[in-house]
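Q: When you get a sec, could you give me coordinates for this:
(one chain, ligands or ions: 2)
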Amino acid sequence: MSDKPKESCSSNCACHGAPSEGLFNRRNLLKGAGATLGVAAFAKAMAPLTEWKESVSVDEFLQTHYRELSKAQLDEVIARLEQETKDQYGADVTIEDVRPQKGVKFGYALNLSVCVGCRRCAKACHEENNHDRASGNSYITVLEMSKGSMDMEHGNAHYNHPVPQPDKFYMPVQCQQCENPPCVDVCPVEATWKEEDGIVVVDYNWCIGCRYCEAACPYHARRFNWTKPEIPKEEINPKQSYLSNRIRPQGVMEKCTFCLHRTRKGQLPACLEACPTGARVFGNLLDPTSEIRTILANKRVFVLKEELGTRPNFFYFFDK
Ligand code: SF4
Ligand code: SF4
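A: Ligands and ions are numbered 1, 2, ... in the order given. Take a look at the predicted model:
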């Protein structure tokens, strides 16, 4: 499964010359680290895992990485997850394994001239992606920016007044689905990767909750599940997929997937459908006739923090 080059192994490498299969095995990592540090020190060092270790089921702990599961194994895992949702939330849900389509690479563009900062996109994300209700979590942060400034680090994510304000503009930020995603590079167990259609995903059942990827993301796009998500049964979106909006376990990382459970089936992301001003444009970057390609060809688009070399597939523009 690992596509890391073997020549990167050093004498200090945890593989000790073992075959590459299983090198980044989550259980090997935990076992090795526990033996080196001792249980107490290891638990302290990997604090989020303390919760995770208590809540995880034996079946989940023994589960194979998504990319190594056979069809039959994945069907079994999905059946178990659907049953767990029924047992824990009382909800009947369908979890699909929705794969990338050939010839498709997704891109998103946002017209900052017409975004009014209403946060309806963030609310739609909250509902579509089965986020914990108490925290109000969303994969989208709408920043209120002073006109003339483009530094997202100076944006106000916590504004609480009528919008739009006359001297401000509004910049929604979510995962930029980077071409060179630093979050992927730092994951010690390969629980996160970039798919063929450009979407960066997480196997929630493989993630060990170390939060390295959260620290590596320059766009603050990753979210950590500090608690078991609480959602009333009647509010759960039952149309779910394994790599996107199924209810995530406590102690793991999650992020925007461009609503892959919708977009890989030809639908639009929930945030786009909720936008009342038409500020959002989504589509296939490989299709020269797509609206997103028209935007890229005709508007002066820019990306956030271009100097970092992450090469986002999320673009911004002003059209007046
Ligand atoms: S928290 Fe991020 S870096 Fe750590 S295992 Fe999970 S996906 Fe990988
Ligand atoms: S925006 Fe952040 S989470 Fe998304 S791909 Fe880039 S580095 Fe990763």
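
Q: Every contact and neighbour count from this point should use C-alpha atoms.
A: OK.

Q: Find the nearest non-adjacent residue to the residue nearest in space to the middle of the chain, please.
A: Here the mean C-alpha position of the chain is nearest to the C-alpha of residue 255 (Cα atoms, centre = their mean), at a distance of 2.0 Å. Computed as Cα to Cα, 6 or more residues apart in numbering, the closest residue to residue 255 that is not its neighbour in sequence is residue 222, at 4.9 Å.

Q: how about the strands in the stretch 101-250 of the chain?
A: 106-111, 141-146, 168-173, 192-194, 200-202, 223-224, 239-241 (DSSP state E, counting those that start in this stretch).

Q: Include mean pLDDT, mean neighbour count and distance to residue 303 when you put the ones you listed into TSV, please.
A: Compiled in TSV, the strands of the stretch 101-250 of the chain are given as follows (pLDDT from 0 to 100; neighbours: other Cα atoms under 10 Å; distance: least, Cα to Cα, whole Å):
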stretch	mean pLDDT	mean neighbour count	distance to residue 303
strand 106-111	98	23	10
strand 141-146	98	21	15
strand 168-173	98	21	11
strand 192-194	98	18	19
strand 200-202	98	23	17
strand 223-224	98	18	21
strand 239-241	98	21	29
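
Q: In a markdown table: the ones you listed, plus distance to ligand 1.
A: Written out in a markdown table, the entries for the strands of the stretch 101-250 of the chain read as follows (distance: least, Cα to the nearest ligand atom, whole Å):
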| stretch | distance to ligand 1 |
| --- | --- |
| strand 106-111 | 21 |
| strand 141-146 | 19 |
| strand 168-173 | 19 |
| strand 192-194 | 5 |
| strand 200-202 | 6 |
| strand 223-224 | 8 |
| strand 239-241 | 17 |
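
Q: and ligand 2, which of these is closest to it?
A: Ranking these by proximity to ligand 2 (Cα to the nearest ligand atom) places strand 200-202 first, at 5.7 Å.

Q: ranges for the helices of the stretch 51-200 of the chain?
A: 58-61, 71-89, 120-128, 182-186 (DSSP state H, counting those that start in this stretch).
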